[in-house]
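# Here is a sequence together with a model predicted from it:
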Amino acid sequence: MLVHLQGPWNPIFGRLTLDSIPYGNPIIQFAFALTVVAGIAVVVPTLYYRKVGYIFREWLTTVDHKKIGVMYIIFGLVMMFRGFFDGLMIRTQQVLADGPNSPGLLEAQHGYLPPSHFDQIYSSHGTLMILFAVTPILTGLGNIIVPLQIGARDMAFPMMNAISLFLTMAGGMLIMASLFIGDFSQAGWVGLIPLTELDFSPSAGVDYWMWAIQISSIGTTLNAINIITTIVGMRAPGMRWDRLPIFVWTTLSTNIIGLTAFPILGVALALLGADRYLGTHFYTAGLGGNLMLYTDLFWIWGHPEVYFLVLPAFGILSEVIPTFSEKPLFGYITMVAATFAIAGISWAVWLHHFFTMGAGPWVNSFFSVATMLVGIPTGVKVFNWILTMYRGRITYTTPMLWCVGAILLLLVGGLTGVMLANPAINYTVHNSVFVIAHFHCMVLLIAFTIFAAVIYWFPKVFGFKLDERSGTEFFATFVIGTILVFTAMFALGFEGETRRLDYLYDPQWKPMLIIEEVGIMFYCLSVLFFAKLFYVSIRDREKNLVGADPWGTARTLEWLTHSPVPFYNFAVTPRIHALDELTWRRDRGWDEVQPETYEPIHMPRNTMIPLIIGVFAFGFGFGMVWRIWWMAGFGLLGIIAAVIFRSFTPDHGYIISAEEVARLEGGKEPASIIKENHAPLPHVEEQVVP
Amino acid sequence: MMDARATLPEKQPELWHFGHDGHDPIATKTLGFWLYMISDALIFGGIFAAYGVLDHGMNDAGGPGAAQIVHPVAAFWQTIAVLTSVLAYSLATVAMKTGNRSGVMLGIVVSILLACIFLGLEFNDFATLFAQGNTPDRSGFLSVFFLLIATHGLHMMFGVLWMLVMLVQIPRFGLNADVVTRMLNLRLFWQFQASVWVCVYIFVYLRGAS
């Protein structure tokens, strides 16, 4: 049954040989050096300040939704940096490799990257940015904010939350491993079929891509289950559906999409895996395979995934804009309706990714109209945000700047999207960089809102504001970079440049390519300002300490508790009386009212199981990629054993006594999540009998 | 609206909720498990869609089609086995209501045995097909035929493993909240696998033979 592979294989190392490690490649050497330096920069201070135990006890074994969210976001930002670096390499290759007389450096005929390497870079750029940068960051934001906004102590399944995180990380680690051991897929982030079949991609690259996505998407599905259950079942008293903050609504709709779409991705990839490992013929070009089956299954997931990403971004916009316009959100109900309309249509538009594949005029018309329909609820949203700002008292803090930028990008991306929804136009620009510029506008709008959200909610989690000046510098350079790169890219699309080119045949494109390269330099600058933003803010944190509501005009429940938010969220569960609870209390002068007495709080206890499952999942993935069967089997059995072991060691958390809560609430230093402040080890006498 | 303070002299209502005893753990876990079942249903949905696409003369690649390899009468015994297994498990949950621990154990044991009969018949079916040279790598149709049935079979095996764990946990912990939650979710899981088998039986065996 197993496919017979060319090349060496042995039972201990599978396909892995010393030749798999590209140590001779100067670009990989540079990447390796950079990774080692970054690793040292993290490990050495940890050892020097003796924080290993702290990181293990308080972070790696945590089940606290805020810490898990923070880890998701840090992981996503690191992956985003790697994805950005890939983007930088793509742009530099294209500007160098334009025209027949362009020079060849290193091993390349044109530019500095040979085609096989260039193909890996754009594949990993897409995979990283969509699945390992933006998805985890938005998941992390949902993790931090949703329980706070609905007044819950934690997620419905705190341990499963940590499992989701470590599964996502296991996938990310597989992609990192592909950088130094073996290669990565050369078939694009979408996995162009039949290029991903074993006959055409015999190396381990496609396997890395496939297992990384497969493992992390299981994490995403589990997280979707968790968030939906939390929103449905864990709301504070009085948090009726019509009082739910918009961000919670969008997270709910997003995770309904995640729950229903990610299993389809799992099937698409599992069938590909069967082809590559068992020699079946699902997608092969001969013996009864069907290439379009993959394309359809992939995009049945792929398009909902786009809205999976964009809906929380819309939620962030709907939270930040009212705060800094000092007005309630215009059209709350239409906003909710528009969110679910977008989510609903998202299942019926996937074919617009391949209008040119010859499905016929009626099918294309259906999907064209369905795609254009998305413009209606999206338009409703845009008008709602603009009408929220209209006659508002707007303060242009950095989160607000990012949001205004995001609305502009949404217009550019959305209107070009409506153009592309028309099959007649689509046939002309299909696979050109016009399409690339369009969806980068959409994904960058998500990135814009992510930066808005990070700056907006940072004080809630850590208790101090980020530096406004560095934030503005970061914003300005990032926006200039975006405008330069993507305006030029739209133009190049009309000039006929197709996507994924390692060599560009037309020297006429040079000026636009240079503009793009200048743009990407601005992005490089913005990375420096991003680093400065955190350096300056952390250095001056004592100056920027804030109270419960750092912005003074925030509206929703999460701003009612302390900043930094204590690990138990709310000392006493609040009762909800209105949409925009904080504004309701502030208008009546009750926003400073704190509970006078306390009661014991029931908290989940830290556990090592999620970390162990993550390590086993990585082992399983790595074993499968290199066909090291003992390692893969060990990983899979390890996961099952860990789950069964956990089911035999019931842990119902522990109780913080009312006196302890009073002490933590009354103290000068809040019980912030970055402090070591509760005993994660089991105390038998504290066991709660269910 | 900013002047609500002046215009609405309200009495301060209860701002905090004391005595909030958390949330019903069984209800929460059951909802979570239902959501998991939705994602599992979509996995089967995706595979059934693939089956619908690849169940075509073109995809037989000269090999056998469904009509040549499925035996609805033989598979009917599998259907009987899986449905009676669900019945046995349901009787176990009925016994759970009255706290009859040995009744629960008995129901699970019978359920496991019937599931093993089901899996044995399926294994036997696969072995026969393999011996005839009808392996998954023969054609696109056979690929999806085996994958659909094997995916269901894997779910059945997982259910058996879960039941074995319950057989250890019931004597060990008694019928406490955790065990009861697991029993209820396992019932959901088991019933779902039987429903999927009914779809497989209709879609693959009955439709294939006709």
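Received it, and whenever you're ready, just let me know what you need.

# can we go C-alpha only for contacts and neighbour counts from here?
OK.

# Give me the neighbour count for the residue in chain A positioned nearest to chain B.
The nearest approach of chain A to chain B comes at A:Gly288, 3.7 Å away (C-alpha to the nearest C-alpha). As a burial measure, A:Gly288 scores 27 neighbours (other C-alpha atoms under 10 Å in any protein chain shown).

# Does it touch B:Asp55 like I think?
No. Using C-alpha atoms under 8 Å, A:Gly288 makes no contact with B:Asp55, being 9.7 Å away.

# Need the overlap of contacts for the two.
B:Phe141 (C-alpha atoms under 8 Å, 6 or more residues apart in numbering or on different chains).

# Can you name the residues that contact residue 68?
Because you didn't say which chain, this covers chain A. Counting by C-alpha under 8 Å, 6+ apart, A:Ile68 makes contact with A:Trp59, A:Thr62, A:Gly140, A:Asn143, A:Ile144, A:Asn161, A:Ala162, A:Leu165.

# should've been chain B
With contact taken as C-alpha under 8 Å, 6+ apart, B:Gln68 is in contact with B:Ala209.

# quick one: contacts for B:Leu129?
By C-alpha under 8 Å, 6+ apart, the contact set of B:Leu129 is B:Ile69, B:Thr135.

# one more time with 10 Å, if that's ok
Shown in contact with B:Leu129 (C-alpha atoms under 10 Å, 6 or more residues apart in numbering or on different chains): B:Ile69, B:Val70, B:Phe123, B:Thr135, B:Pro136.

# buried sites along the strand or helix carrying it?
Secondary structure from DSSP states H and E places B:Leu129 in helix B:101-131. For helix B:101-131, burial by neighbour count (16 or more other C-alpha atoms under 10 Å in any protein chain shown) applies to B:101, B:103-112, B:114-119, B:121-122, B:125-126.

# Among the contacts of A:Ile68, which lie within helices?
Counting by DSSP state H, those place A:Gly140, A:Asn143, A:Ile144, A:Asn161, A:Ala162, A:Leu165 in helices.

# quick revisit: pLDDT (mean, whole number) over the helix holding B:Leu129?
Averaging pLDDT along helix B:101-131 gives 97.

# Likewise for stretch A:368-384?
Mean pLDDT, stretch A:368-384: 96.

# For that stretch, buried residues please.
A:368-375, A:377-378, A:380-382, A:384.

# Now do the contacts for B:Thr181.
Contacts of B:Thr181 (C-alpha under 10 Å, 6+ apart): B:Pro25, B:Ile26, B:Ala27, B:Thr28, B:Lys29, B:Thr30, B:Leu175, B:Arg187.

# Work out for me the element the residue in chain B that chain A sits nearest to sits within.
Here chain B gets closest to chain A at one residue, B:Asn59, 3.7 Å apart by C-alpha to the nearest C-alpha. Using DSSP H and E, B:Asn59 sits in helix B:57-60.

# now swap in A:Thr280 and tell me
Going by DSSP H and E, A:Thr280 is not in any helix or strand.

# Where do the strands of the chain begin and end?
No chain was given, so I picked chain A. Here chain A has its strands, by DSSP state E, at A:601-603, A:654-656.

# Not quite, go with chain B.
With strands called from DSSP E, chain B shows none.

# where in it is pLDDT low?
In the predicted model, chain B carries pLDDT under 70 at residues B:1-10, B:20-22.

# residue ranges of the helices in it, please?
B:4-7, B:25-54, B:57-60, B:66-69, B:72-97, B:101-131, B:140-173, B:177-200, B:207-209.

# Now for residue 97, how many residues are close by?
Answering for chain A, as no chain was given. For A:Ala97, the count of nearby residues is 28 (other C-alpha under 10 Å).

# try again with chain B
Using other C-alpha under 10 Å, B:Lys97 has 13 neighbouring residues.

# want to try CSV for the strands of chain A, with mean pLDDT, mean neighbour count and distance to A:Pro136 as columns?
Putting the strands of chain A into CSV (pLDDT from 0 to 100; neighbours: other C-alpha atoms under 10 Å in any protein chain shown; distance: least, C-alpha to C-alpha, whole Å) gives the following:
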stretch, mean pLDDT, mean neighbour count, distance to A:Pro136
strand A:601-603, 87, 19, 25
strand A:654-656, 86, 18, 29
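
# Flag every buried residue along the helix holding B:Asn59.
Of all the residues in helix B:57-60, those buried under the rule 16+ other C-alpha under 10 Å are B:Met58, B:Asn59, B:Asp60.

# Could you tell me which residues make contact with the closest residue to A:His577 other than its chain neighbours?
Distances taken as C-alpha to C-alpha, 6 or more residues apart in numbering or on different chains place A:Gly238 nearest to A:His577, at 6.1 Å, with adjacent residues excluded. Applying C-alpha under 10 Å, 6+ apart, we find A:Gly238 in contact with A:Ile150, A:Leu244, A:Pro574, A:Arg575, A:Ile576, A:His577, A:Ala578, B:His17.

# Out of those, which end up buried?
Among those, those scoring as buried are A:Ile150, A:Leu244, A:Pro574, A:Arg575, A:Ile576, A:His577, A:Ala578 (criterion: 16+ other C-alpha under 10 Å).

# wait, the first one sits on A:Ile227?
I take that to be A:Ile150. No. Applying C-alpha atoms under 10 Å, one finds A:Ile150 not in contact with A:Ile227, separated by 11.5 Å.

# Common neighbours of these two, please.
A:Met234, A:Val248.

# Same list, the contacts of B:Thr181, but as CSV with neighbour count and distance to chain A please.
Listed next are the contacts of B:Thr181 as CSV, based on neighbours: other C-alpha atoms under 10 Å in any protein chain shown; distance: C-alpha to the nearest C-alpha, whole Å:
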residue, neighbour count, distance to chain A
B:Pro25, 16, 9
B:Ile26, 16, 10
B:Ala27, 13, 8
B:Thr28, 20, 6
B:Lys29, 21, 8
B:Thr30, 17, 10
B:Leu175, 19, 12
B:Arg187, 18, 17
